[in-house]
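Colleague: heads up, no residue letters with this:
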């Protein structure tokens, strides 16, 4: 198993994984569109011994109340069904967080299962007065600060890229 930053040749494998993992085309289309529009901050892949993509984590820019603060969203996170339950999702997220921290990003937000993401250091965003556009997502909307001052004086609406409105 190899975990690394995605490269252009990975795109077809990422697309196939997202279609399998989500049983629909929306997430694959989201990543394709973000990539084409230059809005994919970071993609992290896991490949098996044959080089096939079996895991993927994507990060794209978000704004808070219209202000760019070097924050990104983690979405989607996908693991091939044959590799689930082995910690691969956590490894992908940690690799992404480490890279983003090195690049100077301040925080990461995500919509996901609180039990999973809390183990990775994410906290409810509502605790900091932050919300997203999707009603009823308060419990799933979480964040992890990467910089010490990431949350200083920040609150309000976290704005994902318009591409996410098509999901």
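Modeller: Now that the structure is in, tell me what you want to look at. The structure displayed is predicted, hence computed values, not measured ones.

Colleague: Going along the chain, name the helices of the protein.
Modeller: 11-22, 26-36, 88-102, 114-118 (DSSP state H).

Colleague: how about the third one: buried residues?
Modeller: Residues 88-89, 91-97, 99-100 are the ones in helix 88-102 that count as buried (16 or more other CB atoms under 10 Å). C-betas here are computed from N, CA, C, even on glycine.

Colleague: Name the nearest of those residues relative to residue 10.
Modeller: Proximity of the buried residues of helix 88-102 to residue 10 was ranked by CB to CB; the top entry is residue 92 with 13.1 Å.

Colleague: hang on, the earlier thing: is it possible to get JSON lines of the buried residues of helix 88-102 that adds pLDDT and distance to residue 12?
Modeller: As requested, the buried residues of helix 88-102 are arranged in JSON lines below (pLDDT from 0 to 100; distance: CB to CB, whole Å):
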{"residue": "88", "pLDDT": "97", "distance to residue 12": "20"}
{"residue": "89", "pLDDT": "97", "distance to residue 12": "22"}
{"residue": "91", "pLDDT": "98", "distance to residue 12": "22"}
{"residue": "92", "pLDDT": "98", "distance to residue 12": "19"}
{"residue": "93", "pLDDT": "98", "distance to residue 12": "23"}
{"residue": "94", "pLDDT": "98", "distance to residue 12": "26"}
{"residue": "95", "pLDDT": "98", "distance to residue 12": "21"}
{"residue": "96", "pLDDT": "98", "distance to residue 12": "21"}
{"residue": "97", "pLDDT": "98", "distance to residue 12": "26"}
{"residue": "99", "pLDDT": "97", "distance to residue 12": "23"}
{"residue": "100", "pLDDT": "98", "distance to residue 12": "25"}
